[in-house]
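S.K.: Build the 3D model from these lines:
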Amino acid sequence: MATPLLLRRRADRRPSTDATGVDRLALPFLVPALAMMTITLVIPSVFTAVISLTSWSGPGDDVAWVGLRNYIGLWSSDAFRSSFVNTAVLLIVGGVLVFAVVFASLIALRGMRGGAFIRSVVFVPVIISPIAIGVAFGFLLNPNGGFNQILEALSLDALRRAWLSPDVVFQVIIVGLVWSVSGYYLAIVATGVDQIPAHLYEEAELAGATRTQQFRMITVPLSWDSLSVAIVLWIISSMKTFEIVIAFVGSQGVPPIQARTASVQQYLATTGGPDGSPQLAYASAIGVVLFLLTSVLVMLVRRLLKRDKVELS
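M.R.: Numbering: from 1, shown residues only. As a prediction, this is how the structure comes out:
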């Protein structure tokens with residue numbers, strides 16, 4: 001039985017949250033994190049947005065307010081339009097190829113002896129630096145590289161070409177990117193697939209379901225959360241693809257327009273590109289456009305992929 005003193009103490013207790021629902025006990029722990037986020041993220045982002053509305057080449061140059069002129073200039077620039085289209089192609093085509101590899105791997109490796117080892121091998125390219133991957137592909141695909149020599153040895157001389165020429169280099173970059181990141185997204189989706197009870201697949205096999213049907217009716221619904229996370233991460237990653245493009249064409253100097261992504265175009269505007277004249281305000285406008293577009297795509301995709309969680313009875 002509670003004593004009157006204990007009852008009085010319980011009655012005197014006040015909730016730890018204020019009218020806004022913020023837990024006062026958590027504030028001392030949140031303040032340092034919020035302060036760091038404000039200093040390292042919020043303030044630079046606001047500064048970038050403000051600079052994008054000016055004409056500014058960098059430290060030492062006068063800042064002149066120009067309003068939306070930089071944004072208007074983006075769409076009148078052939079280089080930016082080309083880089084924007086390349087980024088969209090990379091997002092869509094690259095995404096289809098990446099998740100085609102992921103889905104095919106999940107179907108093929110399920111129940112296979114040594115499947116975990118094969119999954120680890122597929123993950124190895126993720127560990128390698130994109131710069132190293134680009135350089136390796138560059139050596140392999142140059143006119144006298146190993147790939148053309150293999151084609152010659154197989155009497156397929158008609159297929160030999162300059163794989164790093166401006167006309168085809170972007171397609172080659174997409175292939176290299178898909179090869180290098182598929183293991184990462186396979187690992188993410190597989191974490192959800194590994195939680196699916198094995199007896200569901202056994203019952204499906206007894207019912208005569210094929211592997212493809214099992215994947216569509218069991219694997220996808222029960223690993224939807226991890227699949228959604230992988231898709232969102234791909235959107236963010238593809239929108240800022242940079243290193244592998246620079247590595248593929250590094251020996252040729254400035255990447256050709258046909259191979260540039262929006263992030264590469266932003267980098268060239270920041271560093272001055274071939275003419276050596278930095279345009280930091282113009283580069284800031286590109287950064288703002290990428291940020292807004294990525295945010296919209298992520299929110300849209302999350303809403304489209306949102307569905308009730310499937311629970312096992």
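
S.K.: Would you enumerate the residues in contact with Val98?
M.R.: Residues in contact with Val98 (C-beta atoms under 8 Å, 6 or more residues apart in numbering) are 178, 181-182, 185, 234. Placement of C-beta: from N, CA and C, glycine included.

S.K.: Sorry, wrong one. I was asking about Phe99.
M.R.: Counted by C-beta under 8 Å, 6+ apart, Phe99 has contacts 185, 230-231, 234.

S.K.: From these, which land in helices?
M.R.: Counting by DSSP state H, the contacts of Phe99 place 185, 230-231, 234 in helices.

S.K.: Can you redo those residues as JSON lines, where the extra columns are pLDDT, neighbour count and distance to Thr40?
M.R.: Formatted as JSON lines, the ones in helices among the contacts of Phe99 follow (pLDDT from 0 to 100; neighbours: other C-beta atoms under 10 Å; distance: C-beta to C-beta, whole Å):
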{"residue": "Tyr185", "pLDDT": "94", "neighbour count": "24", "distance to Thr40": "28"}
{"residue": "Ala230", "pLDDT": "94", "neighbour count": "24", "distance to Thr40": "27"}
{"residue": "Ile231", "pLDDT": "95", "neighbour count": "20", "distance to Thr40": "27"}
{"residue": "Trp234", "pLDDT": "95", "neighbour count": "21", "distance to Thr40": "25"}
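
S.K.: Determine which two of those are furthest apart.
M.R.: Largest separation among those by C-beta to C-beta: Tyr185 and Ile231, giving 8.6 Å.

S.K.: Just the element for the most centrally placed residue in the chain, please.
M.R.: Residue closest to the average C-alpha location in the chain (C-alpha atoms, centre = their mean): Ser237, at 1.5 Å. Using DSSP states H and E, Ser237 maps to helix 224-239.

S.K.: right, and the helix or strand after that helix?
M.R.: helix 243-248.

S.K.: And the contacts of that next one?
M.R.: Residues contacting helix 243-248 (C-beta under 8 Å, 6+ apart): 129-135, 137-138, 164, 169, 172-173, 176-177, 180, 255, 259-261, 264, 267.

S.K.: Show me the residues you listed that map onto helices.
M.R.: 130-135, 137-138, 169, 172-173, 176-177, 180, 264, 267.

S.K.: which secondary element of this structure has the worst mean pLDDT?
M.R.: Ranked by mean pLDDT, DSSP states H and E, the helix or strand of the chain with the weakest confidence is helix 4-12, at a mean of 48.

S.K.: I'd like the distance from the following helix or strand past that one to the chain centre, please.
M.R.: Note on helix 4-12: by DSSP H and E, the next helix or strand toward the C-terminus is helix 27-37. Chain-centre distance of helix 27-37: 27 Å, with C-alpha atoms, centre = their mean, to the nearest Å.

S.K.: swap in stretch 97-117?
M.R.: Offset of stretch 97-117 from its chain centre (C-alpha atoms, centre = their mean): 21 Å.

S.K.: CA-only coordinates of it, as CSV, when you get a sec.
M.R.: Extracted C-alpha coordinates of stretch 97-117, given in CSV (Å, rounded to 0.1, in the frame of the first residue of the first chain):
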residue,chain,number,x,y,z
LEU,A,97,20.2,-2.1,-64.5
VAL,A,98,21.3,-2.0,-60.9
PHE,A,99,18.1,-3.4,-59.5
ALA,A,100,17.8,-5.9,-62.4
VAL,A,101,21.2,-7.2,-61.2
VAL,A,102,19.9,-7.2,-57.6
PHE,A,103,16.7,-9.0,-58.4
ALA,A,104,18.4,-11.6,-60.6
SER,A,105,21.0,-12.2,-57.9
LEU,A,106,18.4,-12.7,-55.2
ILE,A,107,16.5,-15.2,-57.4
ALA,A,108,19.6,-17.1,-58.4
LEU,A,109,21.4,-17.2,-55.1
ARG,A,110,18.5,-18.1,-52.8
GLY,A,111,19.2,-21.6,-51.4
MET,A,112,22.3,-21.9,-53.5
ARG,A,113,25.3,-23.5,-51.7
GLY,A,114,27.9,-20.8,-51.3
GLY,A,115,25.4,-18.1,-52.0
ALA,A,116,26.7,-16.0,-49.0
PHE,A,117,30.2,-16.2,-50.4
